[in-house]
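In: heads up, no residue letters with this:
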């Protein structure tokens, strides 16, 4: 199948000055080769976990049935200046990249694998999906991970190809963590230099449910990634941990949102990365405290290491708040290696280039070491160690 | 029973008196914005030819540009109901005694002549669309400092200087309301501080928009030459009417090599005011720009003073506080562009939201590839005093060199129970503890102001703590 693309994605939850060019991003392309519309099968399925392949719209029904719980509004409605929430209201569950990705998936007939974890089941082993991409291949596919009450599951997604391969991979992953359930999603992207890639995540956590998302964006030429998690009910929790490396003329576009609706909800979002050569990165991170989310806390930290005079780093750390009793924080450190650190390294006989390499590895490995699948962790470490 | 603390609204009554005006004493231009009204303003001002053409060009731009899609709603503002020009039928006075009685009363109630006697090197007072009083102390004039109204300066020895600077920093194409300003501007001040002159005490402009359904479009142009130093204070107020008023002023500041300019604003427009003001400064090598900004009034505000750090080693510091109460939507912040090497900027803001007010901090920090060794630091704290208000933080950063150091911190929260508990355990009452914490929150701004103004600001905040509720 050949496909033209013209998607408006990663729309900032609140618009700001147009000259900053961060309000949204566009994925465009013509005659894109799409030859596969499904995910690879899991290497092994732990006991108590089942999988069913359905259409994109059908998979959305799971979320539509509980949309009152996901989009619960307990307090006074109110919107921030420049609000864009209306744009993605049609989605079964909101995702970071937004409705255009859903529409594309439906239009091409992408299949969704729905992984269901039965009540009380704590999956002993992670579910591993390896997207081993061939040269020139184009894939669009979706997954839903549904963790029923008090269950636990870890899903590892491994996107890889030959280092110099080109191609296209678009993935949509939607998550539902019911009462007391815990979903850990790990995605490692080691695609070849010629790849265009998008990775869209959306989901909700109910009462004491937890969603953990770990992502490593190390390869590909153009990458869009977004995540929108509704912390819909009391004491639900979100932890995200992203590591990225952008080299050459790579582009990375990020839009992560934590939507606090329930009381005492918790979000902790960490973004660590390195920009080199002529790489461009746009980061949007939003903590949204809706009215009624009293007792909630949100923390967002960005650490971007810039290692070339030609990089472009755009950052939009947004906090929206309509609740008195909350604690919202954001911190960003953007720049090169500190002179003190370099001096220390040099005094230990390590030259500047080697010091930089050590610091890049340290940043990425701090994320990589949380990968629960030993084989993938080894490959990621090898990549970090040797590709630089 | 739970004790609940209450922070009162800003007491606006101090500014809310309306002067009984005699209609025949005033000239009021017909509402709406057409080529005819623009030409009429131009004729009233006896503009030079270039200015008349400039106004018409701006009107054309105004018609083409759209209102911003990202900020607070300005649907309540109907330009067809705003009169762009209102003036008293008397000329500007150089002595206080000559100012017409009704206008004098207004400014006396606001304490302007008092301030002038005690702590100002000069004052300009604008009433509706025109400056009504201008005075510069002799010793400051002797330093060669020029402080006058912009219209007369445009015809005097500084005509060329004004022509080469007017709306060059804020071009009319910048946004719709900059174009509007260019078309109908009137009043405002021109300040020139010559090389090396240090003005020891501040100059002040006070803007009062007294007429209902009117717009105020004053233009402030300040040029601080090499090595010179100036503190300029701007105050704004208006009584409350039931119809929308509009303030679309423009401030252009040129800070020369190794010069310093501090620009302080206490804005307390009434709550029917749309404050769509544009302020911008350009700083040459080694120069320093300091902004102190307090936003308390207005129904809707778009206010983001911008600084262009053009010269190497230039610096800027922005300290701001915004208090958004009932019915207010205040979208404020700052913008900075780093161009020169080793440039440094510090943005520090505080925002308080209560009674359904919407306080938005919005900013942009741009570090161009030429700004090697630039340093930028942003810190914005928001305090929510209830759960029907909003406090949003929307900062943007665009960094295009590795050789820069950018830090950003934002915090949103409420008054901490622990802090109140700690102070109470030291024998301080709950009310005093709360008052102390909120004053402490506002302190970084009030300490930047001259004493008289800090007192005025504290009066404005009037964070009255009451007992049981």
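Out: Noted; the coordinates are in hand. Please read these numbers as outputs of a predicted model, since none were measured by experiment.
In: and residue A:136, how many neighbours does it have?
Out: Under the neighbour criterion other CB atoms under 10 Å in any protein chain shown, residue A:136 is assigned a count of 12. For every residue, glycine as well, the C-beta is placed using N, CA and C.
In: can you confirm it is in a helix?
Out: No. Following the definition DSSP: H, G, I helix; E, B strand; the rest coil, residue A:136 is coil and is not counted among the residues of a helix.
In: I'd like the distance between it and residue A:111.
Out: According to CB to CB, to the nearest Å, residue A:136 and residue A:111 sit 21 Å apart.
In: quick one, what contacts residue A:203?
Out: Applying CB atoms under 8 Å, 6 or more residues apart in numbering or on different chains, one finds that residue A:203 lies in contact with A:93, A:174, A:175, A:176, A:177, A:183, A:211, A:228, A:229, A:230.
In: am I right that it is in a helix?
Out: No. According to three-state DSSP, the state of residue A:203 is strand, so it is not within a helix.
In: so what's it bridging to?
Out: Residue A:203 has the following beta-bridge partners by DSSP bridges: residue A:229.
In: try residue B:381
Out: Taking DSSP bridges as the rule, residue B:381 bridges to residue B:350, residue B:411.
In: that one contacts residue B:347, doesn't it?
Out: No. Under the criterion of CB atoms under 8 Å, residue B:381 lies out of contact with residue B:347, with a separation of 11.8 Å.
In: which one's more surrounded, those two?
Out: Comparing residue B:381 with residue B:347 by other CB under 10 Å, the one with more neighbours is residue B:347, at 25 against 20.
In: gap between the more buried one and chain A?
Out: Counting by CB to the nearest CB, to the nearest Å, the gap between residue B:347 and chain A amounts to 13 Å.
In: contact partners for whichever residue of the stretch 51-200 of chain A sits closest to chain B?
Out: Here the residue of the stretch 51-200 of chain A nearest chain B is residue A:82; by CB to the nearest CB that distance is 4.0 Å. Contact partners of residue A:82, counting by CB under 8 Å, 6+ apart, are A:14, A:15, A:16, B:69, B:70, B:71, B:394.
In: what is the neighbour count of the fifth one?
Out: Spelled out, it's residue B:70. Other residues within reach of residue B:70 by the criterion other CB under 10 Å amount to 20.
In: equivalent analysis for residue B:439, please.
Out: Neighbour count for residue B:439, taken as other CB under 10 Å: 13.
In: can you give me the pLDDT of it?
Out: On pLDDT, residue B:439 comes in at 73.
In: that one - that's part of a strand, no?
Out: No. When three-state DSSP is applied, residue B:439 is found to be helix, with no strand at that position.
In: and the helix or strand containing residue B:61, what's buried?
Out: If you go by DSSP states H and E, residue B:61 is part of helix B:49-64. By neighbour count, with 16 or more other CB atoms under 10 Å in any protein chain shown as the criterion, the buried positions of helix B:49-64 are B:51, B:52, B:54, B:55, B:58, B:59, B:61, B:62.
In: show the contacting residues for the second one.
Out: Okay, so that is residue B:52. In this structure, residue B:52 makes contact with B:39, B:42, judged by CB under 8 Å, 6+ apart.
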